[in-house]
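Undergrad: the following comprises the amino acid sequence and a computationally predicted model.
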Amino acid sequence: MASAIRVSQSQPFWSETNFPPSKVHPSLNFISFKSSICQYRVFGRKCSVHTSRGRIEMPFNRVVVSATTAETTKKRYPGEAKGFVEEMRFVAMKLHTKDQAKEGEKEVKKPEEQAVRKWEPSIEGYLKFLVDSKLVYDTLERIVEKATYPSYAEFKNTGLERSEALAKDLEWFREQGYTIPEPSSPGISYARYLEDISEKDPPAFLCHFYNVYFAHTAGGRMIGKKVAEKILDNKELEFYKWDGDLSQLLQGVREKLNKVAESWSREEKNHCLEETEKSFENSGEILRLILS
């Protein structure tokens, strides 16, 4: 009986041997390759194949092995074997400069992309940064609490929340006699964008969720330390403190993100990864306030 095998790639089939032509056989089925169309019919332990390169006769097990190998070979995304969070981390690292991360590939073009040691921050600019950051964290935490999509509820009370800590820091600055500014355009625009995508695009929203929280625990802490050295007499703000073991808190969120992403299609995962650059752009606008 004739049978059909679908094959996605032709290379394993043709790479080893040039097979001799054989007789034409009627009523043959079709196999689709990327580069050719071939017909075949099984006779006992052999298979007669009619291709664009001629007619061949070959052992049936060679066809089966070649077809199976081609069918199961899939494109592997960087980090995919370790879970989707590793895919997000890989994409994010590529958007750093070499000064920011050893895996970085981005060229330095903006002041905030320079090495932190070269920054010249001001109290006024730092307060703008803290105020706009608080607006973003307020928005993220409100969206998660409301949980328009059930997956958002997974990220309630993760221990990474920053809104309350920022409120304490701004109150401390107020007690020192500083005027706390109103949120500015970068923070307002980003908060609105987060609200918008959270209502209709969970993969995009969770990309921002991941990048905002995880970036703060890494590069964000380094920035906070350097800024404190320059303008705060080394005072450590609450913004850079967490209750409990930070590595364990991060691991808990990684596991939740990986679990949620398991239900996504490859297209949804790619869409999430594509949103990384927009997350960096928005966060970069807020970060730049430190130098204003």
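TA: Yes, it's here. Numbering: from 1, shown residues only.
Undergrad: and the contacts of stretch 115-133?
TA: 99, 111-112, 162, 166, 169-170, 173, 178, 180-184, 186-188, 190, 222-223, 226-227, 230-231, 239, 286-287, 289-292 (Cβ atoms under 8 Å, 6 or more residues apart in numbering). Backbone N, C-alpha and C define where each C-beta goes, glycine included.
Undergrad: next, the buried residues of it.
TA: Applying a neighbour-count criterion of 16 or more other Cβ atoms under 10 Å, the buried positions in stretch 115-133 are 116, 119, 121, 125-133.
Undergrad: ends of that stretch, what's the gap?
TA: 21 Å (Cα to Cα, to the nearest Å).
Undergrad: returning to that earlier point: biggest separation within the buried residues of stretch 115-133, which pair?
TA: Largest separation among the buried residues of stretch 115-133 by Cβ to Cβ: Val116 and Val131, giving 20.5 Å.
Undergrad: so in the protein, which helix runs the longest?
TA: Identified as the longest helix of the chain according to DSSP state H is helix 123-146.
Undergrad: return the set of buried residues in the following helix or strand past that helix.
TA: The element immediately downstream of helix 123-146 (helix or strand, assigned by DSSP states H and E) is helix 163-175. Residues of helix 163-175 classed as buried: 163, 165-166, 169-170, 173 (neighbour count, 16+ other Cβ under 10 Å).
Undergrad: just the helices in the protein please.
TA: Under the criterion DSSP H, the chain contains helices at 11-14, 60-72, 84-94, 123-146, 163-175, 185-200, 202-215, 221-231, 246-261, 266-274, 276-287.
Undergrad: among these, which is the most enclosed?
TA: helix 202-215 (a mean of 23; mean count of other Cβ atoms under 10 Å).
Undergrad: contacting residues for the residue nearest to Lys225 when sequence neighbours are not counted?
TA: Excluding its sequence neighbours, the residue lying closest to Lys225 (Cβ to Cβ, 6 or more residues apart in numbering) is Tyr240, at 7.5 Å. By Cβ under 8 Å, 6+ apart, Tyr240 lies in contact with 220-221, 224-225.
Undergrad: among those residues, which one lies nearest to Lys200?
TA: For these, the nearest to Lys200 is Gly220 (28.2 Å; Cβ to Cβ).
Undergrad: spit out the contact partners of the closest one.
TA: Tyr240.
Undergrad: how close does it sit to Asp132?
TA: Using Cβ to Cβ, to the nearest Å, Gly220 is found at 14 Å from Asp132.
Undergrad: and for Val227?
TA: Going from Val227 to Asp132 by Cβ to Cβ gives 15 Å.
Undergrad: next, the distance between the ends of stretch 107-115.
TA: End-to-end distance for stretch 107-115, by Cα to Cα: 12 Å.
Undergrad: chain center to that stretch, what's the gap?
TA: 22 Å (Cα atoms, centre = their mean, to the nearest Å).
Undergrad: how about stretch 145-152?
TA: Mean-position distance between stretch 145-152 and its chain equals 20 Å (Cα atoms, centre = their mean).
Undergrad: contact partners of that stretch?
TA: Contacts for stretch 145-152 (Cβ under 8 Å, 6+ apart): 143-144, 153, 156, 198-199, 202, 205-206, 260.
Undergrad: what do you get for stretch 202-211?
TA: In contact with stretch 202-211 (Cβ under 8 Å, 6+ apart) are residues 85, 88, 92, 140, 143-144, 149, 151-152, 155, 194, 197-198, 253, 257, 260-261, 264, 268-269, 271-273, 275-276, 278-280, 282-283.
Undergrad: average model confidence for it?
TA: For stretch 202-211, mean pLDDT rounds to 98.
Undergrad: check stretch 248-261 too.
TA: Mean predicted lDDT for stretch 248-261 stands at 98.
Undergrad: and stretch 216-232, by the same measure?
TA: Stretch 216-232 carries an average pLDDT of 95.
Undergrad: and stretch 167-187, by the same measure?
TA: Taken as a whole, stretch 167-187 carries a mean pLDDT of 98.
Undergrad: now the end-to-end length of that stretch.
TA: Across stretch 167-187, first to last residue, Cα to Cα, it's 16 Å.
Undergrad: which residues does the residue nearest to the spatial centre of the chain contact?
TA: Centroid check for the chain by Cα atoms, centre = their mean gives Met88 as the closest residue, at 2.4 Å. With contact taken as Cβ under 8 Å, 6+ apart, Met88 is in contact with 79, 207, 210-211, 257, 272-273, 276.
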